[in-house]
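Visitor: I would like the atomic coordinates for the input below:
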Amino acid sequence: MGFKKQFVQLDGTPKTYNTSRQGETYLYITGAGDDLVNGIRGEGAPFRVNGPGELLVGFIDDIYLKDGVLFWRNATEGDEATVEIILPANTLFPNPKHTGNYDVIDGTLVENTDSSGQYMMYDFDIIMNRFINRFEITGTNDYGLTIESSDTAFIPKQLLMKIKLTSISDNPDVVVRFVTEIYREVTT
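Guide: Coordinates of the predicted model:
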């Protein structure tokens with residue numbers, strides 16, 4: 001959900017409006033993630049999957065995901081596109097209820113076998129959110145299908161966006177692309 005912003009117009013009249021923009025963030029339209037290795041915003045892998053497969057995309061900063069546009073080419077009936085937000089396998093995260101499977105003791109990660117740890121970590125990906133779920137695509141759509149939302153989804157930088165393309169015929173020529181509207185505190 002956004003927030004209400006109040007200001008005074010030049011004539012002194014107060015004005016309030018609602019926005020989906022979160023706090024002190026900037027609108028950022030992108031077709032690529034960030035380069036996590038070199039720390040460069042917008043220079044990561046393009047949101048494009050050629051043939052059946054998947055792409056993992058990350059961001060340097062926490063972001064707010066809002067809208068998106070989905071494009072596809074050469075899809076056969078039964079092909080599907082999915083966009084998920086995942087917690088990657090082997091990512092350590094805090095467990096405030098202290099029912100976790102790990103602790104950090106003197107700076108060292110230690111397995112906790114009695115489920116009273118301060119941290120959790122799994123050896124498999126966990127789906128945290130599905131932005132697009134098994135959306136069937138057929139033919140070609142070069143104009144794009146806009147996916148609109150009145151809300152934003154907070155995506156911490158530890159999570160990844162997974163763009164998945166499945167083809168029931170294993171069609172090597174099918175392509176899916178994605179452009180998204182996000183909000184982030186820094187754009188460069």
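
Visitor: wait, T180 sits on I63?
Guide: No - shown here, T180 and I63 do not form a contact pair, counting by CB atoms under 8 Å, at 9.3 Å. Yep, even glycine has a C-beta here, placed from its N, CA and C like the rest.

Visitor: these two: which has the busier surroundings?
Guide: Neighbours around T180 and I63, counted as other CB atoms under 10 Å, are more numerous at I63. The numbers are 26 against 23.

Visitor: ok, that one - contacts?
Guide: Going by CB atoms under 8 Å, 6 or more residues apart in numbering, I63 touches Y28, F154, I155, K157, I182, Y183, R184.

Visitor: helix, strand or coil for the most centrally placed residue in the chain?
Guide: Residue closest to the mean C-alpha point of the chain, counted by CA atoms, centre = their mean, is M161 at 4.0 Å. Reduced to three states with DSSP: H, G, I helix; E, B strand; the rest coil, the structure at M161 is strand.

Visitor: between the contacts of I63, which is closest to T91?
Guide: Within those, proximity to T91 (CB to CB) peaks at K157, which comes in at 11.0 Å.

Visitor: give the closest residue to the closest one in space, chain neighbours not counted.
Guide: Of all residues beyond its chain neighbours, the one nearest K157 is D62 (5.2 Å), with distances taken as CB to CB, 6 or more residues apart in numbering.

Visitor: which pLDDT value goes with the one you found?
Guide: D62 carries a pLDDT score of 94 in this model.

Visitor: give me the below-cutoff pLDDT ranges for this structure.
Guide: Across the chain, the stretches falling below the confidence threshold (pLDDT under 70) are 1-9, 12-21.

Visitor: which strand of it spans the most residues?
Guide: With DSSP state E setting the assignment, residue counts place strand 63-87 as the longest strand in the chain.

Visitor: how far away from the center of its chain is the following helix or strand past that one?
Guide: Once strand 63-87 ends, the next helix or strand along the chain (criterion: DSSP states H and E) is strand 93-94. In this view, strand 93-94 has its centroid 19 Å away from the chain centroid, taken as CA atoms, centre = their mean, to the nearest Å.

Visitor: what sits against the residue nearest to Y119 when sequence neighbours are not counted?
Guide: The spatially closest residue to Y119, leaving aside those adjacent along the chain, is Y102, at 4.3 Å (CB to CB, 6+ apart). Applying CB under 8 Å, 6+ apart to Y102 gives the contacts L92, L109, V110, E111, N112, G117, Q118, Y119, M120, M121.

Visitor: for N112, see how far away Y102 is.
Guide: Note on Y102: its distance to N112, by CB to CB, to the nearest Å, is 6 Å.

Visitor: just to revisit the earlier point, A75: which of the contacts of Y102 is nearest?
Guide: M121 (37.1 Å).

Visitor: thanks a lot, catch you later.
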